[in-house]
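K.L.:
Compute the structure for the input listed below.
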Amino acid sequence: MKKKIIWIVIFLVIASLAGIKIMMGSPAVPVESAKVIRGNIEEYIEETGNLVLEEETVIYSVSSGKIIHSAKKAGETVKAGEILARIDNSDLLLETRALEAQKLAIAAKYDDARDTTNDEEIRRLNAQVRSAEAAYEEAKSTMDNNRVLYESGAVSLDTYKSSVTKLAAAEAGLETANSSLALAQKGASVNVRKQYEAQLSEIQARIEQLKKKSEDMVIKSPIDGMIMTSEVEEGSIVQVGSKLFEIGGSKGLYIESDVLIEDIAGVKVGSTVIIDDEDIGIKAMKGTVKKIHPKAVSKMSDLGIEQKRVRVEIGLDGTIEGLRPGYDLTVKIITQSRKDTLLIAEKAVFNYQGKDHVFVDEGGFAKLRAIEKGLESNEQIEVLKGLNEGEEVILSPDETLEEGAKIKTKEA
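P.N.:
Here you go, the predicted structure:
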């Protein structure tokens, strides 16, 4: 009888505990949640960009020689046309002076050749012309008389022929006298003049060439700006093609960034860019895409993988003191943006049966909800369908969390 009573008591205790458990229900699962909010979202491509000068000039030596003067050093500002350095040009100056002296000597000879005849010689030749003219007139008169006499039979044929021959000789003598006078009045012959003129032209061309070389040995800045690097030291020897200076223009800076070819479709001229760099204190500086290069190039990634990239040029919308060419900056090129849209934390979304889902807190119970995603950025996701503003979604739900499970939430 006692055993029967004991078993009844045990049964009642167990039944009571089961009843209490049923009354209390299963324990709530602790979860972290966040509200569905309205806000703005921007989708972007993040890359590294390099600061580049808008205007940059590299000066190379076009002459060989010794640097005898260095006027400017790296970091100094310069004006266009300002002298930066000089290469020794003393040998060129000596050669130029020698050629100029040679030119003067040849010019003097040329002048002498053009003035070989004086006034007295001209008078003598004029007298010869007058004498030749008189001889010609006399010979012509004699020939005319003899022709009349020959035709009348008063003189022989030989006499007439002799007078014709003498007229021809007198005519030739007159032509010679006239030619001599003309040549004397003209001066040196055309060929002689051309020889002297050719020599003078050749010497002048060599002088101009030496002057140009001498000018090239005075190194001047082609632009206003700052000397970025200087390879020049007084006393050093430079060769043709030696790099002397890098000069950055005063037009400002821009950023060059190489974007992966699979991302470039979303980048447009005019796209907004956000620029950050903690090391130099830049936070959310604005920029704008101003040029997209037409050709992709192959570049090696930090992991040694060859990638196709397209260069993008980004203009800065503001200025920050202390920026220098060559700095690397983080750039975020905005490809899409949406304002006043529904947003949830990225870690609330998971894939279930091939679709995006979230768990929503409905009266303390986890309810599975399918959603349609939009833009994604900065650990946030735009929700196009499936949720309403103010609803609570569970963050990073455990894989064991089931539909309808009782939950205890705390907001993140």
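K.L.:
Please make it C-alpha for all contacts and neighbour counts, starting now.
P.N.:
Noted.
K.L.:
Helix or strand next in line after the host helix or strand of Ala205, which one?
P.N.:
Element membership of Ala205 [criterion: DSSP states H and E] is helix 190-216. Proceeding C-terminally, helix 190-216 gives way to strand 218-220 as the next helix or strand, assigned by DSSP H and E.
K.L.:
Are there helices or strands packed against the very next helix or strand once past that following strand, and which ones?
P.N.:
Under the assignment DSSP H and E, the closest C-terminal helix or strand after strand 218-220 is strand 225-230. Packing contacts for strand 225-230, counted by 3 or more C-alpha pairs under 8 Å, 6 or more residues apart in numbering; DSSP states H and E, involve strand 77-78, strand 243-249.
K.L.:
can you give me the offset of strand 225-230 from its chain's centre?
P.N.:
Per C-alpha atoms, centre = their mean, to the nearest Å, the displacement of strand 225-230 from the mean C-alpha position of its chain is 17 Å.
K.L.:
Pull it out as CSV, backbone CA atoms only.
P.N.:
Coordinates of the C-alpha atoms in strand 225-230 are reproduced here as CSV (Å, rounded to 0.1, in the frame of the first residue of the first chain):
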residue,chain,number,x,y,z
GLY,A,225,55.5,76.6,-60.6
MET,A,226,57.7,74.8,-58.1
ILE,A,227,60.9,72.7,-58.5
MET,A,228,59.9,69.2,-57.5
THR,A,229,63.3,67.6,-58.0
SER,A,230,66.7,68.9,-59.0
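K.L.:
Give me the mean pLDDT for that strand.
P.N.:
Averaged over strand 225-230, pLDDT sits at 86.
K.L.:
Provide the strand pairings for the helix or strand just after it, with the direction of each partner.
P.N.:
Using DSSP H and E, the next helix or strand after strand 225-230 towards the C-terminus is strand 237-238. In the sheet containing strand 237-238, its partner strands are strand 65-70 (antiparallel), by DSSP bridges.
K.L.:
what residues go with each domain of the protein?
P.N.:
Taking automatic domain parsing as the domain assignment, the record places the domains of the chain at 56-88+218-248, 95-211.
K.L.:
Can you tell me which of the helices and strands packed on strand 225-230 is most buried?
P.N.:
Per-residue neighbour counts averaged over each of the helices and strands packed on strand 225-230 give the maximum for strand 243-249, namely a mean of 22 (mean count of other C-alpha atoms under 10 Å).
K.L.:
any idea where the helices of the chain begin and end?
P.N.:
With DSSP state H, the ranges of helices along the chain come out as 2-24, 90-114, 119-152, 157-186, 190-216.
K.L.:
would you turn these into CSV with mean pLDDT and mean neighbour count?
P.N.:
Supplementary listing: the helices of the chain in CSV, determined by pLDDT from 0 to 100; neighbours: other C-alpha atoms under 10 Å:
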stretch, mean pLDDT, mean neighbour count
helix 2-24, 47, 11
helix 90-114, 83, 14
helix 119-152, 88, 16
helix 157-186, 82, 17
helix 190-216, 86, 15
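K.L.:
Out of the ones you listed, which is closest to Ser230?
P.N.:
Using C-alpha to C-alpha as the criterion, the shortest distance between Ser230 and the helices of the chain is 17.6 Å, found for helix 190-216.
K.L.:
Could you save the helices of the chain as a markdown table and add columns showing distance to Ile274?
P.N.:
Converted to a markdown table, the helices of the chain look like this (distance: least, C-alpha to C-alpha, whole Å):
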| stretch | distance to Ile274 |
| --- | --- |
| helix 2-24 | 54 |
| helix 90-114 | 56 |
| helix 119-152 | 92 |
| helix 157-186 | 83 |
| helix 190-216 | 45 |
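K.L.:
can you tell which of these is closest to Glu382?
P.N.:
helix 2-24 (38.9 Å).
K.L.:
Please compute how far the helix holding Ala205 lies from its chain's middle.
P.N.:
What separates the centre of helix 190-216 from the centre of its chain is 38 Å, taken as C-alpha atoms, centre = their mean.
K.L.:
How about stretch 352-362?
P.N.:
The offset between the C-alpha centroid of stretch 352-362 and the centroid of the whole chain comes to 53 Å, using C-alpha atoms, centre = their mean.
K.L.:
and it, average pLDDT?
P.N.:
94.
K.L.:
Please tell me how far Asp277 sits from Asp88.
P.N.:
Asp277 sits 47 Å away from Asp88 when distances are taken as C-alpha to C-alpha, to the nearest Å.
K.L.:
closest one to Leu174 among the helices and strands packed on strand 225-230?
P.N.:
Comparing these by C-alpha to C-alpha, strand 243-249 comes nearest, at 74.0 Å.
K.L.:
Could you list every helix and strand in contact with the closest one?
P.N.:
Contacts defined by 3+ C-alpha pairs under 8 Å, 6+ apart place strand 243-249 against strand 56-60, strand 225-230.
K.L.:
In JSON lines: the ones you listed, plus distance to Arg130 and mean neighbour count.
P.N.:
Formatted as JSON lines, the helices and strands packed on strand 243-249 follow (distance: least, C-alpha to C-alpha, whole Å; neighbours: other C-alpha atoms under 10 Å):
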{"stretch": "strand 56-60", "distance to Arg130": "72", "mean neighbour count": "17"}
{"stretch": "strand 225-230", "distance to Arg130": "79", "mean neighbour count": "20"}
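K.L.:
So Asp277 and Asp88 - more neighbours on which side?
P.N.:
Comparing Asp277 with Asp88 by neighbour count (other C-alpha atoms under 10 Å), the higher total belongs to Asp88, at 19 against 15.
K.L.:
Quick check: nearest residue in space to Asn50, chain neighbours excluded?
P.N.:
Excluding the flanking residues, the one nearest Asn50 by C-alpha to C-alpha, 6 or more residues apart in numbering is Asp328, at 4.6 Å.
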